[in-house]
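> Just a sequence and a predicted model for now, questions to come.
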Amino acid sequence: MDVLQYLDPIKWTAIEVAVLVIVLAILFRWSGVVRYIPNDRLGILEKLWSFRGSVSNGFIALNREAGYQPEVVRGGLHFFMPFQYSMHRANLVTIPQGQIGYVFARDGKPLPPTQTLASNTDADDFQDVRGFLEKGGQKGPQRKILREGTYAINLAQFIVLTAQSIYAVNLSSSEQNLFTNMSSMISERGGFEPVVIHNAEDMIGIVTIHDGPALPDGEIIAPTVANDPSDPNFHNNFQDPEKFLNAGGYRGRQLQVLADGSYFLNRIFATVELVEKTIIDVGTVGVVVSYNGRHGTDISGQAYRHGELVEVGARGVWSTPLLPGKYAFNTYAGNIVTVPTTNFVLKWTKEQFGEHRLDENLSEVSLITKDAFEPVLPLSVVVHIDYMKAPLVVQRFGDIKRLVEQTLDPMVSAYFKNIAQTKTLIQLLQERSDIQRKSGEEMREKFNSYSLELQEVLIGTPRAADGQNSIEQILIQLRERQIAVEKVETYKLQERAATQERTLREKEALAEQQAKITTSALTIEISENEGKAQLARTRQEAET
């Protein structure tokens, strides 16, 4: 019988019609027969009852049992069996530009004890719950991350963590705490944003992987795997965890580093530590002491028993140094010892040191002379290291400062102590030039035996140790003696000057009287001539 026969408008009042409409609306609303989903949202179905019973295994009802259904309801008007479904409306998952979303699966296969994150080798579509579970998807945090975009994800099966919010349905208080803590941990690692390394900052990224097989015994850093773009397992700088693990990658700190660029990394899978690039300045080379690599063959020769000198890439001291420049060197995989290749000065002088500060712990050499004086000798040594011999120096001594303090300091000190024992203090002061020349010649051969080139030895003036004045007394006596010698010479010169002065005065007086003498002589001669003339006249007159 048609129901409309009972809805005769003549027999029904307006109030009864309104009540009937309200009752029918409530009935439709509570029964869930008709549901409307806006286009910017989705619906997650929870089946309240089913002739197939409840879910016996897992969390999602894949076989139409009662429970959360794998498919989501998109925007539009939808009709359902009355009182059979509960609709949970949820927002679409939106990942903003330049950010990362993390996915946690409630249902799936459990993770094995050796696995940290769920594999997404086959089950990698988070918008297809049925396909995810049928392909063997695992529960727990996923290796795959979500990049920018909008996703229609069943939030009963997957919880999505973003920087702005946690996308989920029906979270219990314990789950809420779990994902809040998880989101905080990711945020502390900067995991909601990509790793950005700027060229101007001269930084590199050291990567630590938290999933995969452990390193073999004896290894401290994981080797590089599948770094060639032509390799089918090329993981593109750890941005594809599945390919990295398929290529045989290990968990732990990685040898491969991240250079300049942006990297979208799952920060639960991989954390990044930014360190400075290694810069080798002009005038130096870098000798690499590698803690990683194959066990190479010592190429320094059987007669040279000071450690292993190996080829580049092997474990040990690399035979080829790094020339000046910038290097993306993993400082956890090795150490770079900087060796100066320009001439550098080692100063045995208290509170003075050279540019490289290799001699900051050196002081004057304490001597004992033949005549029992105890002066201290300041000196400087100019040294050069051939850049191709730098690995030999590092192989033998570890670093240049250790070479200076443990080898050159005692060798140079002993040499000058031996010289001082054969010289008096006066000789040590007066023969400094000869000692300097001779020491340079004799010590050059000793330096060559350490792969060093001695350029010059410069000796300062010996001085008394602190609190002593014996040397100063000797110097005072030497100065007085020299003054006396100079006085004797001065007196001799003064005597000679006085003699010369007397002779000069005599000659000057003689010169002054010379005119008178000349006049007298001329007068006498004139008188004689006049007398002779008078005599001649007288004779003439007499004769006349």
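All right, it came through fine. Residues are numbered from 1 along each chain as shown.
> Next, the distance between the ends of stretch 189-209.
13 Å (CA to CA, to the nearest Å).
> go on, stretch 317-329?
End-to-end distance for stretch 317-329: 15 Å, by CA to CA.
> Any chance you could list what contacts it?
Contacting residues not belonging to stretch 317-329 are listed as 202, 204, 257, 259, 277-290, 299, 307-312, 336, 339, 387-388, 390-391, 394-395 [CB atoms under 8 Å, 6 or more residues apart in numbering]. Using the backbone N, CA and C atoms, a C-beta is placed for each residue, glycine as well.
> For residue 101, see how far away the residue nearest to residue 96 when sequence neighbours are not counted is.
Distances taken as CB to CB, 6 or more residues apart in numbering place residue 148 nearest to residue 96, at 6.7 Å, with adjacent residues excluded. According to CB to CB, to the nearest Å, residue 148 and residue 101 sit 9 Å apart.
> what residues are shared contacts of these two?
With CB under 8 Å, 6+ apart as the test, residue 148 and residue 101 both reach residue 95.
> When the two are compared, which one has more neighbours?
Comparing residue 148 with residue 101 by neighbour count (other CB atoms under 10 Å), the higher total belongs to residue 101, at 23 against 13.
> List phi and psi for the more buried one.
Backbone torsions of residue 101, given as degrees, to the nearest 10, read phi -110, psi 150.
> For the nearest residue to it once chain neighbours are set aside, give me its contacts.
Spatial nearest neighbour of residue 101, excluding adjacent residues (CB to CB, 6+ apart): residue 146 at 3.5 Å. For residue 146, the contact set (CB under 8 Å, 6+ apart) comprises 93, 95, 100-103, 126, 160.
> Can you give me the domain boundaries for this protein?
Listed by automatic domain parsing, the domain ranges of the chain are 3-88, 91-188, 195-276, 340-471, 480-544.
> quick one, helices of this structure?
Ranges of helices in the chain, per DSSP state H, are 14-31, 129-134, 173-188, 241-246, 390-397, 400-403, 409-420, 425-430, 432-448, 470-543.
> can you list the ones you listed in TSV and add distance to residue 319?
Output for the helices of the chain, formatted as TSV (distance: least, CB to CB, whole Å):
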stretch	distance to residue 319
helix 14-31	82
helix 129-134	53
helix 173-188	43
helix 241-246	32
helix 390-397	5
helix 400-403	18
helix 409-420	26
helix 425-430	45
helix 432-448	20
helix 470-543	50
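> Ranking those by mean neighbour count, which comes first?
helix 390-397 (a mean of 23; mean count of other CB atoms under 10 Å).
> And that helix, what does it pack against?
With contacts taken as 3 or more CB pairs under 8 Å, 6 or more residues apart in numbering; DSSP states H and E, helix 390-397 sits against strand 284-290, strand 309-310, strand 316-318, strand 334-340, helix 400-403.
> what pairs with the third one, and is each one parallel or antiparallel?
Pointing back at strand 316-318 there. Take DSSP bridges as the rule and strand 316-318 pairs in its sheet with strand 284-290 (antiparallel), strand 309-310 (parallel).
> returning to what we had before: turn the helices of the chain into JSON lines, columns for distance to residue 332 and mean pLDDT.
Converted to JSON lines, the helices of the chain look like this (distance: least, CB to CB, whole Å; pLDDT from 0 to 100):
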{"stretch": "helix 14-31", "distance to residue 332": "63", "mean pLDDT": "65"}
{"stretch": "helix 129-134", "distance to residue 332": "37", "mean pLDDT": "93"}
{"stretch": "helix 173-188", "distance to residue 332": "22", "mean pLDDT": "90"}
{"stretch": "helix 241-246", "distance to residue 332": "18", "mean pLDDT": "95"}
{"stretch": "helix 390-397", "distance to residue 332": "19", "mean pLDDT": "89"}
{"stretch": "helix 400-403", "distance to residue 332": "22", "mean pLDDT": "88"}
{"stretch": "helix 409-420", "distance to residue 332": "32", "mean pLDDT": "92"}
{"stretch": "helix 425-430", "distance to residue 332": "53", "mean pLDDT": "83"}
{"stretch": "helix 432-448", "distance to residue 332": "35", "mean pLDDT": "90"}
{"stretch": "helix 470-543", "distance to residue 332": "54", "mean pLDDT": "82"}
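> Quick one, which of the contacts of stretch 317-329 are buried?
Buried members of the contacts of stretch 317-329, scored by 16 or more other CB atoms under 10 Å, are 204, 257, 277-278, 280, 284-290, 307-310, 336, 339, 387, 390-391, 394-395.
> check contacts around residue 110.
Counted by CB under 8 Å, 6+ apart, residue 110 has contacts 138-140.
> separation between it and residue 138?
7 Å.
> repeat for residue 516
Residue 516 sits 142 Å away from residue 138, going by CB to CB.
> repeat for residue 176
Distance from residue 176 to residue 138, counting by CB to CB: 22 Å.
> hang on, isn't the residue nearest to residue 96 packed against residue 93?
No - applying CB atoms under 8 Å, one finds residue 148 not in contact with residue 93, separated by 11.5 Å.
> Which positions within stretch 44-55 qualify as buried?
Judged by neighbour count (16+ other CB under 10 Å), stretch 44-55 contains these buried residues: 44-47, 55.
> Skip the chain neighbours and tell me the closest residue to residue 288.
The shortest distance from residue 288 to any residue other than its chain neighbours is 4.2 Å, reached at residue 318 (CB to CB, 6+ apart).
> Mind listing the residues bridging to the one you found?
With DSSP bridges applied, residue 318 shows beta-bridge pairing to residue 310.
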